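*Asks:* Provide a 3D model corresponding to the input given below.
(2 chains)
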Amino acid sequence: MLYLELFIQGLLQGSIYALIAVGLTIVYGLLRILHVAHAGLYTLGGYFGVLVFNITGSLVLGGLVAMLGVGIFGIIIYRLCYQPILDQPPYVPLIASIGLFIAMEELYRILFGSYGVTYSNPPLQDMMPVGGIYLRQGEWVTILASIVLIGGLAWLSRKTRLGLAWRATVTDAEMAESFGIDPIRVRYLNFFIGSILAGAAGMIVGILNNLVEPTMGSVPSYKALAIIVLGGLGSVRGTLVAALSLGVIESFGTIYLGEVLNRDAIAFVFLILVLMVRPKGMFRGM
Amino acid sequence: MGFEISLLTAMMISIIGSLSLNLITGFCGQVSLGHVAFVGIGAYTASLMTKAAIPFFAALVAGMILAGIFGIIVGLASLRVRHDFLAITTMGVNFVFLGFVRQQEWLGGELGVSSIPDPGLGKLGFLALVFGCVVLVVLLSVQIRRSWMGYVFKAISEDEDTASMLGLDVSQYKLIAFALGTSLAGLAGGLYAHHVRFIYPDSFAFVESITLLAMVVVGGNGSIWGVILASAFLSLLPQWFQFVDDYKLLLYGSLLFAVMRFSPGGLAGFAQLLINHNRKSSKSKVDK
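*Replies:* Down below sits the predicted model:
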C-alpha cells in the first residue's frame, strides 16, 4: 500500500511539474531560450488566483484571471525582454531571464509581503475517495487540470489550422513564413499558451499549499529546466514523460535515499545519469 | 579600517572566482551554471584540513587539487553534452554538491564548518596574499589568451565542429580548461573559507553560481579587464545599496537584465562600442 501511495504522490507532483515544464519546453522549442522567468509567471498565477478568489469568492473567476492574465504577461515579457536579444548567444537571454526572475520575485515580495497570501476560505480541501484512493479534492483537480490542459494543447497543435501554423514555424520558420504564416504572431501565441499553463500551475499549487509566497517559483525555476532537458529540449511528449517520472523517482528516492541525498540532488543525479547515456535527453522532436 | 580591508579581501576573492569561471565560459565557451560547487569543494577541503592542524598553504593546495579532480570529472561529462544541455548538467552538479553536503554529518551538515583556524597572517597580510593570488590569476589568464592554447580555446568557443575538423584535439583542451578553471575556483574557496572562517552549504548555493556567471557575462564574456571590473562592481554593489536594503535584490536582478538587454556584450562590449563610435565620429570629421 505504501508503494501505491508513494506512486500516486509522485504522479501528483509530476503532473504539477508537467504543467510548468510543458510551457517552458514549447518556448524552448520555438525560440531556443531557457526561459527561467517562466517560474516568475507561475508565481504570478498563484497571486492572481488567491487575490481574485479572496475578493470575489469565485474559484472559476480566479482560475480565468490566473490563466489569461498570466498569458498576457507572458506575451509582454516576450515582446519587451526577449525579442530584442534573440540573435545573441544563448547565455545572453539566459542571464537576462535569471535577472528578470530575481527582480520579479522581489517585486512580489515588496508588493504582497514576504509572508505570502493565504486563501481566506480555503477551497477544495475535503477528502474525496475515487476508486478506493483517498485524495483531497484539490489533488483530484490537479490531476484533472493537467490532463485537460495538456490534452487541450495536444488537440490545438494537432487538429487545428492554428496548430499547423505553429508546428510549421517550429520546424522551419523561414519556410513557414514564405507560406504566409506570420512568425511574430506564432511567437506571441507560443508565449501566451505556455504562460497560461504556468499560471494554472501556480494557482493549483497555491490552493494545494493554501499559501502563495514570493519564493514559490524558486524550486520550479531550476527543476523545470532539468525536466525539459531530460525530455529532450523542445519535445512536449518527452517533457511529459520526464515530468511524471521525475515526480515518481523523487517520491521514492526521498524515502530510500534520503539519508545520503536530498530531493533536489536525487533529481539531478537522475538527470546527469540520463544525460551521460543519452546526451540529448530521452526524446527528440515534437 | 578593518571593515574596508575585509571588504577588499572579499572583493578580491570574488575576482579570483569569476576569472576562474572566465577561463571555462569566457575563453573556452563552455557555459557552467554550477561553478560555485568547485569553490565549495576547495573551501570544505581546505578548512577541514587546517582544522586538522595541517598548514594553511598545504591545505589551500589540497583544496585546489581536489576541486581540479572533480573539475576534470565534470569536464569529462562536458565531452558528452553540449550547449544548453551542458549548462543544465553543470547546474545539476551544483545541486548534487549541495544535496550531498547537507546530508553529511562529517561535513557539518546544514550547520557547516565553523571556527576555521586563522591562517596567522593578520588582516593586512591575508589581503596581501589574496591580492598576490589575483595578480597571478590575471597573469595566467593573459598568458593563456596569448598562447596557442588561448587560440584553440577561442576556436572551440566559436565553433567546436570546425575546430575539431582542423585537427585540434577539442576534448583535450576542454578538459584543460575545466581543470584550470575549477582548481582556481578551489583556490578561491580555500581563501574564502579562511577569510570568513565559517562556511555552510548555503554559502555555495545555486544563486552564487549565478552571481559568478553574472560577473563574467556583465564584464563581457572572455574579457579579462571587463570581468575584473564587473566582479569588483557586483561584489561591492550590496554595500552601496545598503541604504535601499529592501530593494537590493530588485536592483540587482534588474541590473542583470538591463545589461543583457541593452548591452549583450557586457561592459567590454559597451567599451568597444564607445571606442568604435568615437573612431567613426573622428573619421567623419576628417572626411569633412
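
*Asks:* show me where pLDDT drops low in chain B?
*Replies:* In the prediction, chain B carries residues with pLDDT under 70 at positions B:241-246, B:280-288.

*Asks:* would you map the helices across it?
*Replies:* Along chain B, the segments classed as helices by DSSP state H run B:2-21, B:36-51, B:56-80, B:83-103, B:122-146, B:148-158, B:160-165, B:170-196, B:206-219, B:224-240, B:248-262, B:266-287.

*Asks:* low pLDDT regions in the stretch 1-150 of chain A?
*Replies:* In the stretch 1-150 of chain A, residues with pLDDT under 70: A:1.

*Asks:* which stretches in it count as strands?
*Replies:* A:127-130, A:133-136 (DSSP state E, counting those that start in this stretch).

*Asks:* in its sheet, what does the first one sit against?
*Replies:* This means strand A:127-130. Within its sheet, and counting by DSSP bridges, strand A:127-130 is paired with strand A:133-136 (antiparallel).

*Asks:* buried residues in the partner strand?
*Replies:* A:135-136 (16 or more other Cβ atoms under 10 Å in any protein chain shown). (C-beta placed from N, C-alpha, C; glycine too.)

*Asks:* would you put the C-alpha positions of it in CSV?
*Replies:* C-alpha atoms of strand A:133-136 as CSV (Å, rounded to 0.1, in the frame of the first residue of the first chain):
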residue,chain,number,x,y,z
ILE,A,133,-8.0,6.1,-3.5
TYR,A,134,-8.3,8.9,-0.9
LEU,A,135,-7.1,12.3,-2.1
ARG,A,136,-8.1,15.9,-1.4
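
*Asks:* now it, how far from the centre of its chain.
*Replies:* How far strand A:133-136 lies from its chain's middle: 24 Å, per Cα atoms, centre = their mean, to the nearest Å.

*Asks:* what's the answer for stretch B:198-212, then?
*Replies:* Distance, centroid of stretch B:198-212 to centroid of chain: 12 Å (Cα atoms, centre = their mean).

*Asks:* and chain A, is it touching that?
*Replies:* Yes: with Cβ under 8 Å from any Cβ of the partner chain as the measure, stretch B:198-212 is seen reaching chain A through B:206, B:210.

*Asks:* list the buried ones in that stretch?
*Replies:* So for stretch B:198-212, counting by 16+ other Cβ under 10 Å, buried means B:199-201, B:203-206, B:208-212.

*Asks:* among the strands of the stretch 1-150 of chain A, which is nearest A:L64?
*Replies:* Minimum separation from A:L64 across the strands of the stretch 1-150 of chain A (Cβ to Cβ) falls at strand A:133-136, 22.4 Å.

*Asks:* contacting residues for residue 267?
*Replies:* This is for chain A. Counting by Cβ atoms under 8 Å, 6 or more residues apart in numbering or on different chains, A:A267 makes contact with A:223, A:226, A:246, A:249-250, A:253, B:95.

*Asks:* not what I meant, chain B
*Replies:* B:L267 makes contact with B:218-220, B:223, B:226, B:229-230, B:259, according to Cβ under 8 Å, 6+ apart.

*Asks:* which parts of stretch B:61-74 are buried?
*Replies:* For stretch B:61-74, by 16+ other Cβ under 10 Å, it's B:61-64, B:66-68, B:70-72, B:74.

*Asks:* got those residues as CSV, with distance to B:A177 columns?
*Replies:* Below are the buried residues of stretch B:61-74 laid out as CSV (distance: Cβ to Cβ, whole Å):
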residue, distance to B:A177
B:V61, 20
B:A62, 22
B:G63, 19
B:M64, 16
B:L66, 18
B:A67, 14
B:G68, 12
B:F70, 15
B:G71, 9
B:I72, 11
B:V74, 11
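
*Asks:* and A:R161, how many neighbours does it have?
*Replies:* 7 (other Cβ atoms under 10 Å in any protein chain shown).

*Asks:* next one: B:F27
*Replies:* 25.

*Asks:* nearest the geometric middle of chain A, what residue?
*Replies:* A:I20 (0.7 Å; Cα atoms, centre = their mean).

*Asks:* who's in contact with it?
*Replies:* Under the criterion of Cβ under 8 Å, 6+ apart, the neighbours of A:I20 are A:38-39, A:42, A:197-198, A:201, A:220, A:224.
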